[in-house]
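Chemist: no sequence on this one, just coordinates:
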């Protein structure tokens, strides 16, 4: 740090109101006594964004000019730098590759169930959130979770799930947003939100999780109340997202977490849950900057995951096998030689049905008469 150049981006650990927090800065001077003077910077992007953009802090309680001798900076420099931080070099770290080559130290539970590596933004995001909650004041956390699906049953389907974490005084501590890419269903987004909540809860906190998903509540209570009876066979009977619920079961059974799940009515009078619902809907505008939660599809109890064409089967296994069998049977029947006349027809079905459904001015699609029925019948005969 002694040879550090000017204007190098750094992360500084400072004490704000009795809590240790990490803030951003740019180096201004490094003193011989091991002291560092840096300009306080604040991010203008959210923590879920893939890029980090910083700007000058306009002034806050985290930094002050009072500790800096006047002779070290001119009056013009003091005017141009509203917020300054003076700290020991041991409390600062650069963004250099060598400094961060090992990435963030991952919690054992997070690294066990999530993908880790050089660029796993959501894994690192959950770890940073857990670190923050571990050192937060108070012994209780209130976590609101929700999932949302947009354009369901279309090729443009999208999904986002989110968490909002509050302390016991309902002060917002953190917000997490993530997305889903494969096998998108509402139940899957809700299950992933519950899994993310379980992964960030520290052992030294009591947590209450609020959800509007009846499936989440029923499955959680079934696992918690009868852990010895819910084996892998029972997990596979869940309607969907079997491997996610297998991981949730393992966390509930083996981790020392003090958790309570409360079912609330969707879109009702719960203000905090409604705020989360609004936040999720607003993120659809910028969904390409929302990172995916990369869950490892295996755990100790669910080692061998069913795959079809290298794709994990997340639906009910019996229902999936029945669907595949019916589709393959239909394909074989459709490709029989006797059905060539149907396969070779080049018919624009959209235009055909538009033509057949044209009604006269005095009719609607919901009302008809003998004259209209006769006209459509003659169209079929033609």
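Modeler: Thanks, I have the structure now. These numbers come from a predicted model, not from an experiment. Numbering: from 1, shown residues only.

Chemist: Where do the strands of the protein begin and end?
Modeler: Applying DSSP state E to the chain gives strands spanning 9-16, 19-30, 35-43, 54-56, 84-88, 92-94, 140-150, 158-167, 172-179, 206-211, 258-263, 307-308, 311-312.

Chemist: right, and these - which one's nearest residue 236?
Modeler: Nearest to residue 236, of all the strands of the chain, is strand 311-312, at 13.1 Å by CB to CB. To be clear about C-beta, it is placed using only N, CA and C from the backbone, and glycine gets the same treatment.

Chemist: That closest one: partners in the sheet, and parallel or antiparallel?
Modeler: Paired with strand 311-312 in the same sheet, following DSSP bridges, are strand 307-308 (antiparallel).

Chemist: of the strands of the chain, which approaches residue 377 most closely?
Modeler: Of the strands of the chain, nearest to residue 377 by CB to CB is strand 140-150, at 41.1 Å.

Chemist: So which bits of that closest one are buried?
Modeler: 141, 142, 143, 144, 145, 146, 147, 148, 149 (16 or more other CB atoms under 10 Å).

Chemist: tell me how far the longest helix anywhere in the chain is from the chain's mean position?
Modeler: Scanning the chain for the longest helix, with DSSP state H as the assignment, gives helix 317-334. A distance of 33 Å separates the centroid of the chain from that of helix 317-334, by CA atoms, centre = their mean, to the nearest Å.

Chemist: what's the answer for stretch 218-227, then?
Modeler: Relative to its parent chain, stretch 218-227 has a centroid offset of 24 Å by CA atoms, centre = their mean.

Chemist: In that stretch, which residues are buried?
Modeler: So for stretch 218-227, counting by 16+ other CB under 10 Å, buried means 219, 220, 222, 223, 224.

Chemist: Over to stretch 27-35?
Modeler: So, applying 16+ other CB under 10 Å, buried residues of stretch 27-35: 27, 28, 30.

Chemist: Pick out the residue nearest the middle of the chain.
Modeler: The centroid of the chain falls nearest to residue 178 when counting by CA atoms, centre = their mean (1.9 Å).

Chemist: For that residue, give the beta-bridge partners.
Modeler: Beta-bridge partners, per DSSP bridges, of residue 178: residue 161.

Chemist: can you check residue 30 too?
Modeler: Going by DSSP bridges, residue 30 is paired in beta bridges with residue 36.

Chemist: Can you check what pLDDT the model gives it?
Modeler: In this model, residue 30 is scored at 77, pLDDT.

Chemist: Can you list the low-confidence ranges for the stretch 201-350 of the chain?
Modeler: Applying pLDDT under 70 to the stretch 201-350 of the chain flags the ranges 227-232, 235, 239, 301.

Chemist: Going along the chain, name the helices of the stretch 251-382 of the chain.
Modeler: Counting by DSSP state H, counting those that start in this stretch, one finds helices in the stretch 251-382 of the chain at the ranges 271-283, 317-334, 340-343, 349-356, 370-381.

Chemist: which parts of the last one are buried?
Modeler: Neighbour-count burial for helix 370-381 flags no residue at all (criterion: 16+ other CB under 10 Å).

Chemist: ok so, going back, show me which of the buried residues of stretch 27-35 is closest to residue 326.
Modeler: Distance to residue 326 across the buried residues of stretch 27-35 (CB to CB) is lowest for residue 27, with 65.8 Å.
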